[in-house]
Structure formats: C-alpha cells, structure tokens
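Novice: Give the three-dimensional model of this entry:
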Amino acid sequence: MESKRQQKMASLLQQELAAVLQRDLPHLFGGGLAPAISTVKVTPDLGQARVYLSLLLGNDAADRLEIIRDNAKEIRHALAKRIRQTARVVPELIFFHDDSAAYAAHMDQVLGTLHIPPAPKDDKGEDDDKPARPRLFKGE
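Specialist: Sure thing, here's the model as predicted:
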C-alpha cells in the first residue's frame, strides 16, 4: 500500500510528465500524438518511478516505447525543470507499456462471443424476485 507521500509524488509526476511529453518534447514522436500516461508508481524512497504508458494509436508501440526509453535522460531533465520547486529529488524514470486497454477490448470480444443459456426457473413455485435464504443449521 502506498503512503500519502508516494501518492502525492505519483500524482505530481503523472501530471508533469504528461505536460513534458506533450509540450516540451513533442519532437520525440515525429509530430504524432504523445502517449498517455496511465499510471505512475513510486518507490517508498521516491528514488524510482515506474511510468506506465498507454500507446494505443498505431502498431508501432514497441518502437515508440524504445524511443522513450532511449530518451529517458532528456525526459527526466525536462521534468526536473518543471518540478524543481516542488520536489527535492527527481526519481529515476522506468517506462513500461500499459496494455490493459487492449486486454480489456480483447476480453470484451471474447465475452461477446460466448453463448450463455438462461438460468432454469425453480419448479417449487417460489417467488423468483426473492433471493434464496441461506440455511444456517441442518434442521432449517
């Protein structure tokens, strides 16, 4: 579980990294859209930050992630300029591809192809609207 300090730093990094990638370093993406930052997780000592990027557009997600990893030092330097009044130390940035949106779309497609028959009705004549009362004892 993250402490308040980690959560505040992660929130600050997420906002400022988005601004850095979109405004300060757009040349890294060749005029294309900058990736969205889905999550930032910071270590307890605030020395490292795991940055999860959503690279939805295009099939070249691995190439774009490699470009970002190659320019991590430049990104960290631009981030340091933005948060120097707020944070003492700028954490080391480690970038990861967040494929949870693609996974969710895939699971939605899989679940959409399933055929699930309706549940059988009770023959006892009980009211269908009332949930069955759990039995607590053997004699009940």
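Novice: C-alpha from now on. contacts and neighbour counts both.
Specialist: Fine.
Novice: how about the helices of the chain, start to end?
Specialist: Secondary structure of the chain by DSSP state H: the helices cover 4-19, 61-70, 72-83, 100-113.
Novice: Nearest to residue 92, out of these?
Specialist: Nearest to residue 92, of all the helices of the chain, is helix 72-83, at 7.4 Å by CA to CA.
Novice: Show me what counts as buried in the closest one.
Specialist: 72, 75, 76, 78, 79, 80, 82, 83 (16 or more other CA atoms under 10 Å).
Novice: and that helix with helix 4-19, angle?
Specialist: Interaxial angle, helix 72-83 versus helix 4-19 (axes from the mean of the first three to the mean of the last three CA atoms, to 10 degrees): 110 degrees.
Novice: Summarise which helices and strands helix 72-83 is packed against.
Specialist: helix 4-19, strand 92-97 (3 or more CA pairs under 8 Å, 6 or more residues apart in numbering; DSSP states H and E).
Novice: got a markdown table for these, with mean neighbour count, distance to residue 104 and mean pLDDT too?
Specialist: Formatted as a markdown table, the helices and strands packed on helix 72-83 follow (neighbours: other CA atoms under 10 Å; distance: least, CA to CA, whole Å; pLDDT from 0 to 100):
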| stretch | mean neighbour count | distance to residue 104 | mean pLDDT |
| --- | --- | --- | --- |
| helix 4-19 | 17 | 22 | 94 |
| strand 92-97 | 17 | 15 | 94 |
